[in-house]
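Novice: Could you work out the structure for the sequence below:
(2 chains)
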Number of protein chains: 2
Amino acid sequence: MGAQPNGASSAKRRDAEVLDAAARVFYAHGYAGATVQGIAAELGILKGSLYHYIDTKEDLLFWLLEEVHRDTERILDEVEALAGLDPVARLEEYVRRQMRHNLDNLVRISVYYRDIDRLSPVRLDEILLRRRPATRFVASLIREAQSEGGVDAQLDSRVLTNCIFATMIWICRWYRPGGAWSRDTVVQQCTRYVVDGITAAPLSGGA
Amino acid sequence: MGAQPNGASSAKRRDAEVLDAAARVFYAHGYAGATVQGIAAELGILKGSLYHYIDTKEDLLFWLLEEVHRDTERILDEVEALAGLDPVARLEEYVRRQMRHNLDNLVRISVYYRDIDRLSPVRLDEILLRRRPATRFVASLIREAQSEGGVDAQLDSRVLTNCIFATMIWICRWYRPGGAWSRDTVVQQCTRYVVDGITAAPLSGGA
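Specialist: Model prediction:
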């Protein structure tokens, strides 16, 4: 958490507990409806104790959203380090891993996309800036694939990038753990939808 | 609006103005952060005048979400009435029309998906029930296409249905009127992403 950049592992664990509790309370009540009191109660501590870590409720939302980007950046690093993949295969690998991660972190990903606009302008800009590595990564793989013929060059790489993120993000709205499908089935079928959605041959008669 | 089921056209126009103003204020501040006072100000009327039409702020959100479903039901009726389309072509036509409608109603569609959970349980259930005709329509077209060979029968029609709605809904989060792409380009490329996403041939080696 912001206040403990050099924190030891017990501090990190405590930070994670605080952010998890905040995420659950934001998820249940919406950021606007959540209170620091409610988050403290979720943690089983007094409000005053929670205020040792934060100045405002917004700190918790901001740190939570920063964490989401830290996780995404880790996934990007892992996928960039994989050897011997063509652009479409690398993109497929990123989509698969990011969706699996999103489903394993349903609560915080849901809070991210519902409540991000509640951040103050400066912090909102900071978070929006941190989206760039992932959108650049996806868009540049699409353009590489277009130059190699794997994706129709007539399509706009940024429109496709937005379509891909739509698929990855929205699963958090409809997937329910323990429901009709396993996490792996959803990840596999949605990954295929994405890859097919961008790689099918041009329609005869033009796009 | 609920209070004027037999309203003449001037009453309807006034209702539309009230719901449009509510949508703009909910969009800008979030439902939780919006006030009846703020919506009255947006309309240029006194708060007391607005309370002639509504009992609570929630009435406005509920009526707005009902309107979204009325629009979708109209689109479904139109697409069902088209003659001579195979299941994939009919689905493509629905997706194209629904996306065009969503982009033309960015503000209320955005409010719908961000703030629906702020409804009280009974009204939330009522709105969720009204999603069924559209999800049934899409899922049954996918199953028809599967039985005819246009969509791989190994895929889950409900997972694909969710992927399709993800693409149609999320455009309201990334598309900006007057930005890099025209509405028609976005609709055309996203429709193609959806159709390709569900109709590509099975991968060799199994899905």
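
Novice: just the angle between the lowest-mean-pLDDT helix or strand in chain A and helix B:9-33, please?
Specialist: One helix or strand of chain A scores below all others by mean pLDDT, DSSP states H and E: helix A:9-33, with a mean of 89. Following axes from the mean of the first three to the mean of the last three C-alpha atoms, to 10 degrees, one obtains 160 degrees for the angle between helix A:9-33 and helix B:9-33.

Novice: what's helix A:9-33 packed up against?
Specialist: helix A:36-43, helix A:57-81, helix A:106-115, helix B:9-33 (3 or more C-beta pairs under 8 Å, 6 or more residues apart in numbering or on different chains; DSSP states H and E). Backbone N, C-alpha and C define where each C-beta goes, glycine included.

Novice: how near is the nearest residue to A:Val79 once chain neighbours are set aside to B:Ala22?
Specialist: Closest residue in space to A:Val79, ignoring its immediate chain neighbours: A:Tyr94 at 4.5 Å, by C-beta to C-beta, 6 or more residues apart in numbering or on different chains. For A:Tyr94, the distance to B:Ala22 equals 40 Å [C-beta to C-beta, to the nearest Å].

Novice: And A:Ala21, by the same measure?
Specialist: For A:Ala21, the distance to B:Ala22 equals 33 Å [C-beta to C-beta].

Novice: For A:Cys172, find the nearest of the helices and strands packed on helix A:9-33.
Specialist: Evaluated over the helices and strands packed on helix A:9-33, closeness to A:Cys172 peaks at helix A:106-115, with 4.6 Å, by C-beta to C-beta.

Novice: Return the distance of the very next helix or strand once past the closest one from the chain's centre.
Specialist: Downstream of helix A:106-115, the next assigned helix or strand under DSSP states H and E is helix A:121-129. A distance of 15 Å separates the centroid of the chain from that of helix A:121-129, by C-alpha atoms, centre = their mean, to the nearest Å.

Novice: same question, stretch A:21-32
Specialist: With C-alpha atoms, centre = their mean, you get 17 Å for stretch A:21-32.

Novice: do stretch A:79-86 as well
Specialist: On C-alpha atoms, centre = their mean, the centre of stretch A:79-86 falls 21 Å from the chain's centre.

Novice: Just the CA trace of it, in PDB.
Specialist: Extracted C-alpha coordinates of stretch A:79-86, given in PDB (Å, rounded to 0.1, in the frame of the first residue of the first chain):
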ATOM      1  CA  VAL A  79       3.600 -13.000 -22.000                       C
ATOM      2  CA  GLU A  80       6.300 -10.800 -23.500                       C
ATOM      3  CA  ALA A  81       8.900 -13.200 -22.200                       C
ATOM      4  CA  LEU A  82       7.500 -16.200 -23.900                       C
ATOM      5  CA  ALA A  83       9.700 -17.300 -26.800                       C
ATOM      6  CA  GLY A  84       8.600 -18.500 -30.300                       C
ATOM      7  CA  LEU A  85       5.100 -17.200 -30.600                       C
ATOM      8  CA  ASP A  86       3.700 -15.500 -33.600                       C
END
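
Novice: if we look at that stretch, which residues are touching it?
Specialist: A:Arg90, A:Glu93, A:Tyr94, A:Arg97, A:Phe137, A:Ala145, A:Glu148, A:Gly150 (C-beta atoms under 8 Å, 6 or more residues apart in numbering or on different chains).

Novice: Go ahead and confirm A:Glu144 touches A:Pro87.
Specialist: Yes. If you go by C-beta atoms under 8 Å, A:Glu144 and A:Pro87 touch, sitting 4.0 Å apart.

Novice: which SS class is A:Met99?
Specialist: Secondary structure for A:Met99, judged by DSSP: H, G, I helix; E, B strand; the rest coil, is helix.

Novice: What is the burial count for it?
Specialist: Other residues within reach of A:Met99, judged by other C-beta atoms under 10 Å in any protein chain shown, total 23.

Novice: Brilliant, that's me finished.
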